[in-house]
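In: Whatever this is, show me its structure:
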Amino acid sequence: MSTKISVIPGDGIGPEIMNATLRVLDALDAGLEYEMVEAGLIALEKEGELIPESTLESIGRNRVVLKGPLTTPVGKGFRSINVTLRKQFDLYANVRPVISMAGTRSHFEDIDIITVRENTQGAYLAADAKISEDGETAESKMVVTRDGCDRITHYAFELARREGRKKVTIVHKANILKTVSGMFLDIAREVAKEYPEIETEEMIVDACCMKLVMNPWQFDVIVTTNLFGDIISDLCAGLVGGLGLAPGANIGKDAAMFEAVHGSAPDIAGQKIANPCALMLGAAQMLSHLGMEDKARKLRSAIRETLAQGDRTTPDVGGSGTTQSMTDAIIDRLG
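Out: Residues are numbered from 1 along each chain as shown. Sure, this is the predicted structure:
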């Protein structure tokens, strides 16, 4: 029996890396049926909406979506579609693992860190966002709730327990943001008491960033709020070779979305050199979510071996190949 998932190809390089990822999933014989839907600039051009109702209905039915990168304007323009989808389906836990792989342009080795980021509250909610009539003042509120803080920290500790992780680092700014960050820290401390077998440490966000650069091996699982988690997870991606190797899962009670965390890279769209690994690693997260751990493990192993060998890989990781050649190399190693 097949499992139907919603597939959003995305903008820019999105369709290229999505095609590559679906080829790999087919080669794995994962038993998936794809319902292709649109979002982003392509959807706006075709249907006049950034997120058509048909796309929302598809995700609501299938409850699992594999998504390519979508364009988000800087400074002005429409709100992030990613933020909208996370809020729409209450995808409260953003899980971003990074792990060192041989053959990449990384200054570090043996990195293995998972960032668990609250995904629906905090600064990105942009509550009551407005600009004054004279254009001189802009403001928005940061809002967190007890329930939101509780469920994200429980998720992080449960993940650590399930995967045999030894430590959870609670990252905050409660020394300055005494209400919103203070609430998060207080609740995280309460939750940590339920997991005595897991070491817990607390770290102010700026100190965390410094220590990640100086000694990243001290980190295992990081749990934090929305804005801090976005920044920290990208920093962690830099430790292992960049966003081309960074997947992300967005998990809710009733739905889940899996993606590459990098942007749509319109500057290289159509050049056939986009690295598909981040989206493929997101697909591996999806396979694990669907109970296909063996296939997820096989996919990660094939990616790791392809990068280590360096044959047919894309220029961003030091190769001279194309998206297709890299995908072919990964498929060849799935056997």
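
In: Spatially nearest residue to the residue nearest the centre of the chain, not counting backbone neighbours?
Out: Centroid-nearest residue in the chain: residue 248, 2.0 Å away (criterion: C-alpha atoms, centre = their mean). In this structure, residue 248 finds its nearest non-sequential neighbour in residue 261, 4.3 Å apart by C-beta to C-beta, 6 or more residues apart in numbering. Where C-beta positions appear, they are placed from N, C-alpha and C, glycine not excepted.

In: Quick one: residues contacting the one you found.
Out: Residue 261 makes contacts with 96, 233, 234, 237, 243, 246, 247, 248, 278, as judged by C-beta atoms under 8 Å, 6 or more residues apart in numbering.

In: Looking at the residues you listed, which gets the smallest pLDDT?
Out: Note: of the contacts of residue 261, the lowest pLDDT belongs to residue 243, at 92.

In: what about that residue, how many neighbours?
Out: Residues near residue 243, counting by other C-beta atoms under 10 Å, number 21.

In: so is the closest residue in space to it that isn't next to it in sequence in a helix, a strand, or just coil?
Out: Once flanking residues are discounted, residue 243 sits nearest to residue 262: 3.7 Å by C-beta to C-beta, 6+ apart. Under DSSP: H, G, I helix; E, B strand; the rest coil, residue 262 falls in the coil class.

In: For the residue nearest to the centre of the chain, list each beta-bridge partner.
Out: Residue 248 has these beta-bridge partners by DSSP bridges: residue 259.

In: hang on, the earlier thing: so the residue nearest to residue 243 sits against residue 69, correct?
Out: Yes. With contacts counted by C-beta atoms under 8 Å, residue 262 reaches residue 69, the gap being 6.0 Å.

In: immediately after the helix or strand containing residue 60, which helix or strand?
Out: Element membership for residue 60, per DSSP states H and E: helix 53-62. Next along the chain after helix 53-62, taking DSSP H and E as the criterion, comes strand 64-67.

In: Put the alpha carbons of that next one into PDB.
Out: This file holds the C-alpha atoms of strand 64-67, laid out as PDB (Å, rounded to 0.1, in the frame of the first residue of the first chain):
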ATOM      1  CA  VAL A  64       3.100  14.900   5.100                       C
ATOM      2  CA  VAL A  65       4.700  17.400   2.700                       C
ATOM      3  CA  LEU A  66       8.100  17.500   1.100                       C
ATOM      4  CA  LYS A  67       8.900  21.100   0.200                       C
END
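
In: Strand partners (parallel or antiparallel) of it?
Out: Here strand 64-67 has these sheet partners by DSSP bridges: strand 3-8 (parallel), strand 256-260 (parallel).

In: Quick check: what element follows it along the chain?
Out: helix 81-88.

In: and residue 311, what does it touch?
Out: 319, 321, 329.

In: re the thing from before, who's more crowded, residue 262 and residue 69?
Out: residue 69 (28 against 23).

In: so the more buried one touches residue 268, yeah?
Out: No. Using C-beta under 8 Å, residue 69 makes no contact with residue 268, being 11.8 Å away.

In: just the strands in the stretch 151-300 of the chain please.
Out: 167-172, 199-204, 221-224, 247-251, 256-260 (DSSP state E, counting those that start in this stretch).

In: could those be laid out in a markdown table, adding distance to residue 180?
Out: Formatted as a markdown table, the strands of the stretch 151-300 of the chain follow (distance: least, C-beta to C-beta, whole Å):
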| stretch | distance to residue 180 |
| --- | --- |
| strand 167-172 | 10 |
| strand 199-204 | 14 |
| strand 221-224 | 12 |
| strand 247-251 | 22 |
| strand 256-260 | 25 |
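
In: Please identify which of these is closest to residue 64.
Out: The minimum distance between residue 64 and the strands of the stretch 151-300 of the chain falls on strand 256-260, with 5.5 Å, by C-beta to C-beta.

In: now the angle between strand 247-251 and the closest one, please.
Out: 160 degrees (axes from the mean of the first three to the mean of the last three C-alpha atoms, to 10 degrees).

In: Between helix 53-62 and strand 256-260, find me the angle.
Out: Going by the same axes, to 10 degrees, strand 256-260 makes 120 degrees with helix 53-62.

In: Run the chain-centre distance for strand 256-260.
Out: Here strand 256-260 is found 6 Å from its chain centre; the criterion is C-alpha atoms, centre = their mean, to the nearest Å.

In: cool, and stretch 206-213?
Out: With C-alpha atoms, centre = their mean as the basis, stretch 206-213 stands 20 Å off its chain's centre.
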